[in-house]
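Participant: Generate coordinates for the sequence data below:
(chains A and B, ligands or ions: 2)
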Amino acid sequence: MAHEQHNYLNHQKGIWSWLTTLDHKRIGIMYFVAIMSFFFLGGVFALLVRAELFTPGKTLFSADVYNRMMTYHGAIMVFMVIVPGIPAIFGNFVLPIMIGAKDVAFPRLNLMSWYMLMIGAMITGSTLFMQNVDTGWTFYTPYSSIKTGMGVIPMVLGVFIIGFSSILTGLNFIVTTHKLRAPGMTMNRIPLMVWALYSTAILQVLATPVLAITLLLLIAEKALGVGIFDPQLGGDPVLFQHFFWFYSHPAVYIMILPAMGVISELVATYSRKVIFGYTAIAYSSLAIAGVSFLVWGHHMFVSGQSEFAGILFSFITMLVGVPTAIKLFNWISTMYKGSIRLDAPMLFAIGFMFLFTIGGLTGVYLASTGMDVHFHDTYFVVAHFHYVMVGGTLMALMGALIYWFPKVTGKIYSDLLGRIAWVFIFTGFNVTFFPQFILGNMGMPRRYYDYLPTFTELNQMSTFGSWLIGTGFLVGLFGVFHALLKGKEAGNNPFGGKTLEWTIPSPPPHENFDKTPVISGGPYEYR
Amino acid sequence: MNWFSFITATSFMPVPATKESGDVDNLYIFLLVSGLISFIILIGGMVIFIFKYRRKTEDQKSAYITHNTLAEFLWSFIPFVIMMVIFAWGWSVFHDLRRVGEKGDVEVHVTARQWAWTFKYANDIEINSPSDKKLVENDPDSTLLKPEIVVVPVGKTIRFILTSDDVLHSFYVPAFRNKMDAVPGRRTTFTFTPIEKGDFTVFCTEYCGTKHSNMMATIRVVDGEQFAAWQAEKLAASAGASNKGPAERGEALFKGSLGCGGCHSIDGSRIVGPTFKGLYGNKRDFADGSSVTADDAYIKQSILVPTAKIVAGYPPAMSSFQGRIKEDEIKDIIEFIKTLK
Ligand code: HEM
Ligand SMILES: [Cu+2]
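Facilitator: Numbering: from 1, shown residues only, chains lettered A, B, ... in the order given. Ligands and ions are numbered 1, 2, ... in the order given. Coordinates of the predicted model:
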């Protein structure tokens, strides 16, 4: 094309036009920049934590410094990277386009959500320079409320504000999905990515307020001495755990459902095949969202709650396992008789399925009460949730990045760099976290600064793996700059996708569609 | 560590040392085998499809298969049944681990505190978990203290009644496959029947602050006679202690049942709290800017109300010993501190 195309990137110019933009696509990019910076910070903490654990005893830091790094790593990764990650970045970018809308339902609210994330992150991050926090990302009372410094207050205040960002995004997505679908786009024709974001949004709106209340109660106790969780003031320390997990269990699905949506898109496109069991995938997302509210007690099998409560929670937890398994079966059967290309995004999708299967199966071990008593709060749990969350969410995030990169920027992300990154991340990941299952077997508890000499070799393997992962993500980041500077022109539909975003130019025009599309069939009609 | 033993499913588990731990291991083997089979079906299937249906020409078509009700029913129903088996099995094992309300042949009150366990037998024998010796003596960077030994008889039902003085802790013995939180303001129980003799490590698995990873103890399982002999020896030792001078009694308290040595050194080195070397009679500077000369009243206050005056540069980490220490024990400790010039 000779003359310059008019698109959302050159629609307005200057940094101010970005900071005040109401365009969902630009907001998606702003989230990308913000969240990737948090990810970098959280990653540095991760590498430091692993470095400290390279040898028993003191390797680099004192116990207090270690405990703080462990806390910041967890809190940043959970609240500022994995929870907002896919919905805020890719959800914002593709959701309106995928349903044929011009923007989200409340563009101003959307911009405000971004600012809330930034404000929350700044308050939380400021504690790094003032008063460090060493509670772990779970902030369990009474340690957080009576035994450690006041830095806990700004820390959880930041998380509280970030929570609002999450609620507002969720609200926006729910209304957008209900109200702004193009003519002919029934709920049974929306892409699975949208279904996933929609189920996530329900969780965000319903669960996050509970976290908000919990954190306010914690602040009330710590700052004003109101006895809620501290037994010395007549409170109940276990109550905090109930509140906390009532949010945080659904939150693990806030983290993974969007990833599942991404995987559905990738598997369909790179197998060039209609998705198998569309309805099952769509509604199992809703089923997961619903049941996940009733299983929080499985984090508390050894907290002193009654045996009966433990059994009940174990039973319901098993029920969540079923829709999770269904999804895996569906993706794999989508590949059956497909026309499969192993481009980098598909490699990430395959990596996702590999790691997620291990993570999901070990979840069943933990859901079984008699077994969890041994594994609870050991490295086995650390391995389990890294397999599902990191193996799941980050694999999907990388896949999504390379897959939608051409749509977002108009440039193709180098497939070679994508594959190199994949090799490092995938191998590094297994080298890091698989040994941790064995450490859990041997009985090494989590959140340990120092350990018995018998645990040394496995910890060293794990630390070594963390360097591979780090390298992989650096390659991935390099790929972004490489593509921006040297990437090939993408064209509208470089990978043969069927969903609506592939029908418009890359990068898309300011209002996405010149003419509102009319939909007459399902999203993955590869015939 | 023996890599070859990887093929036996539970090879990485510590030896099962209690009656119920063998049952946990059986469940584990079932989980491992059924998990491995599921993994092979899923990932094996995926790998086969990747190779079989690789796109060879750009116009290669795919089949149009939207769903298959029978397959979908089966792959929902079969996992459901397996999970119900795992659930029920886990439940029965869990029930044996908990044994709520069951009385033990030997009952011990266990109190958790940052960062030590105190074990108190019915006949007032008291063991405090960390000693003042390093676990790995020749490693200057090791932060682990050698755990003190708690003795129980083999073949008997032992019930530990847990509570905590400050924050949450969790009592975990990997060889027993059992774990229970120690909750402030509550009592929980940890019941087990040892079948193996030997030394077994206790860890704390609920994050509890700076020295969380150092909160260990050792449970030594011996036969009945040895247990009786150990108890007799301990009782004689504590009777003997009362014949000693006050400073020696104070030293025994410092190193033993009160476990001050977990946080305070006597040689001038910095652990969690300030050292006791040269404490008595010298000036202390506090976080709020005030200062005082360390005398009897100040030391007593620090033991009973540790948060009243916080020494500058240290965290307010100590919890009160109110109710756990007697008036003359405080005097003995002060006498001991006076000797640390
Ligand atoms: C869908 C993806 C999943 C995600 C994102 C996920 C995430 C997590 C996280 C973050 C934790 C640790 C929380 C902490 O203490 O810091 C955890 C623990 C746990 N997960 Fe999962 N999980 C997933 C799948 C499953 C499945 C399928 C099951 C069971 C059928 C399961 C059962 C459990 C149990 C019982 C625990 C508690 C373990 C313990 O603390 O002892 N999870 N999970
Ligand atoms: Cu502890």
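Participant: When you work out contacts or count neighbours from here on, use the C-alpha atoms and nothing else.
Facilitator: OK.
Participant: any idea how far A:Val408 lies from A:Thr499?
Facilitator: Remark: distance between A:Val408 and A:Thr499 (CA to CA, to the nearest Å) = 15 Å.
Participant: Next: A:Val295.
Facilitator: Taking CA to CA, one finds A:Val295 at 35 Å from A:Thr499.
Participant: Next: A:Gln436.
Facilitator: Remark: distance between A:Gln436 and A:Thr499 (CA to CA) = 40 Å.
Participant: who has more neighbours, those two?
Facilitator: When A:Gln436 and A:Thr499 are compared for neighbours, A:Gln436 comes out ahead with 26 against 21, by other CA atoms under 10 Å in any protein chain shown.
Participant: Please, which helix or strand holds the more buried one?
Facilitator: In this assignment (DSSP states H and E), A:Gln436 forms part of helix A:415-442.
Participant: Could you look up the next helix or strand downstream of that helix?
Facilitator: helix A:456-486.
Participant: Name all residues that make contact with residue 35.
Facilitator: If you meant another chain, say so; for now it's chain A. Counting by CA atoms under 8 Å, 6 or more residues apart in numbering or on different chains, A:Ile35 touches A:80-81, A:84-85.
Participant: that answer is for a different chain, and I need it for chain B
Facilitator: Residues counted as contacts of B:Gly35 (CA under 8 Å, 6+ apart) are A:361-362.
Participant: For the helix or strand harbouring it, what is the distance to the chain centroid?
Facilitator: Here B:Gly35 sits within helix B:21-52, counting by DSSP H and E. Chain-centre distance of helix B:21-52: 32 Å, with CA atoms, centre = their mean, to the nearest Å.
Participant: same thing with stretch A:97-113?
Facilitator: In terms of CA atoms, centre = their mean, the centre of stretch A:97-113 is found 20 Å from the chain centre.
Participant: Is B:Gly313 in a helix, a strand, or coil?
Facilitator: Following DSSP: H, G, I helix; E, B strand; the rest coil, we place B:Gly313 in the coil state.
Participant: Just the CA atoms of stretch B:259-271, as PDB, please.
Facilitator: What follows is stretch B:259-271 as a C-alpha-only set of coordinates in PDB (Å, rounded to 0.1, in the frame of the first residue of the first chain):
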ATOM      1  CA  GLY B 259      14.500 -21.500  74.500                       C
ATOM      2  CA  CYS B 260      15.800 -18.000  74.800                       C
ATOM      3  CA  GLY B 261      18.900 -19.100  72.900                       C
ATOM      4  CA  GLY B 262      16.800 -19.400  69.700                       C
ATOM      5  CA  CYS B 263      16.900 -15.600  69.400                       C
ATOM      6  CA  HIS B 264      19.500 -14.300  71.700                       C
ATOM      7  CA  SER B 265      23.200 -15.200  71.600                       C
ATOM      8  CA  ILE B 266      25.500 -15.200  74.600                       C
ATOM      9  CA  ASP B 267      28.700 -14.600  72.600                       C
ATOM     10  CA  GLY B 268      27.900 -11.200  71.200                       C
ATOM     11  CA  SER B 269      26.700 -12.400  67.800                       C
ATOM     12  CA  ARG B 270      23.500 -11.100  66.300                       C
ATOM     13  CA  ILE B 271      20.700 -13.600  65.800                       C
END
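Participant: which residues touch that stretch?
Facilitator: Residues outside stretch B:259-271 that contact it (CA under 8 Å, 6+ apart) are B:115-116, B:128-132, B:145, B:253-255, B:272-277, B:340.
Participant: that older thread, for the helix holding B:Gly35, buried residues please.
Facilitator: Across helix B:21-52, burial judged by 16 or more other CA atoms under 10 Å in any protein chain shown covers B:21-25, B:27-28, B:31-32, B:35, B:38-39, B:42-43, B:45-47, B:49-50.
Participant: same question for it, mean pLDDT?
Facilitator: Helix B:21-52 carries an average pLDDT of 93.
Participant: next helix or strand past that helix?
Facilitator: Using DSSP H and E, the helix or strand that follows helix B:21-52 in sequence is helix B:69-98.
Participant: and the angle from that following helix to helix B:21-52?
Facilitator: Using axes from the mean of the first three to the mean of the last three CA atoms, to 10 degrees, the inter-axis angle of helix B:69-98 relative to helix B:21-52 is 160 degrees.
Participant: Compute the first-to-last residue distance for stretch A:123-130.
Facilitator: Distance between the two ends of stretch A:123-130: 11 Å, counting by CA to CA.
Participant: Same question for stretch B:106-122.
Facilitator: Stretch B:106-122: ends 8 Å apart by CA to CA.
Participant: Residues in contact with it: which ones?
Facilitator: Outside stretch B:106-122, the residues that touch it by CA under 8 Å, 6+ apart are B:126-130, B:150, B:152, B:156-167, B:169, B:182, B:208-209, B:211-212, B:214-217, B:257, B:259, B:262, B:317-319.
Participant: In stretch B:101-116, which residues are buried?
Facilitator: For stretch B:101-116, a neighbour-count test (16+ other CA under 10 Å) marks B:107-116 as buried.
Participant: and it, how far out from the chain's middle?
Facilitator: Stretch B:101-116 sits 12 Å away from the centroid of its parent chain (CA atoms, centre = their mean).
Participant: dump the residue contacts of the nearest residue to B:Thr307 once chain neighbours are set aside.
Facilitator: For B:Thr307, ignoring the flanking residues on the chain, the nearest one in space by CA to CA, 6 or more residues apart in numbering or on different chains is B:Pro316 at 6.3 Å. By CA under 8 Å, 6+ apart, B:Pro316 lies in contact with A:147-148, B:306-307, B:310.
Participant: what two of the residues you listed have the greatest distance between them?
Facilitator: For the contacts of B:Pro316, the farthest-apart pair by CA to CA is A:Thr148 and B:Pro306; their separation is 14.3 Å.
Participant: wait, what's in contact with whatever residue of chain B ends up closest to ligand 2?
Facilitator: Minimum separation of chain B from ligand 2 (CA to the ion) falls at B:His169, amounting to 3.9 Å. Neighbour list for B:His169: B:112-113, B:181-183, B:204-208 [criterion: CA under 8 Å, 6+ apart].
Participant: Name the residues of chain B found near ligand 2, please.
Facilitator: Residues of chain B lying close to ligand 2 by CA under 5 Å from the ion are B:169, B:204, B:208.
Participant: which outside residues touch the lowest-mean-pLDDT helix or strand in chain A?
Facilitator: When the helices and strands of chain A are scored by mean pLDDT, DSSP states H and E, helix A:278-291 comes last with a mean of 88. Here helix A:278-291 makes contact (CA under 8 Å, 6+ apart) with A:188, A:192, A:195-196, A:199-200, A:202-203, A:250, A:253, A:257, A:316, A:319-320, A:323-324, A:326-327, A:330, B:66-67.
Participant: Just the CA atoms of that helix, as PDB, please.
Facilitator: The C-alpha trace of helix A:278-291 is given here as PDB (Å, rounded to 0.1, in the frame of the first residue of the first chain):
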ATOM      1  CA  TYR A 278     -18.000 -25.800  21.500                       C
ATOM      2  CA  THR A 279     -20.900 -26.000  23.800                       C
ATOM      3  CA  ALA A 280     -19.000 -28.200  26.300                       C
ATOM      4  CA  ILE A 281     -16.100 -25.800  26.400                       C
ATOM      5  CA  ALA A 282     -18.300 -22.700  26.700                       C
ATOM      6  CA  TYR A 283     -20.500 -24.000  29.500                       C
ATOM      7  CA  SER A 284     -17.800 -25.800  31.400                       C
ATOM      8  CA  SER A 285     -16.200 -22.400  31.800                       C
ATOM      9  CA  LEU A 286     -19.400 -21.300  33.500                       C
ATOM     10  CA  ALA A 287     -19.600 -24.500  35.500                       C
ATOM     11  CA  ILE A 288     -16.000 -23.900  36.700                       C
ATOM     12  CA  ALA A 289     -16.800 -20.400  37.600                       C
ATOM     13  CA  GLY A 290     -19.900 -21.400  39.600                       C
ATOM     14  CA  VAL A 291     -18.400 -24.400  41.500                       C
END
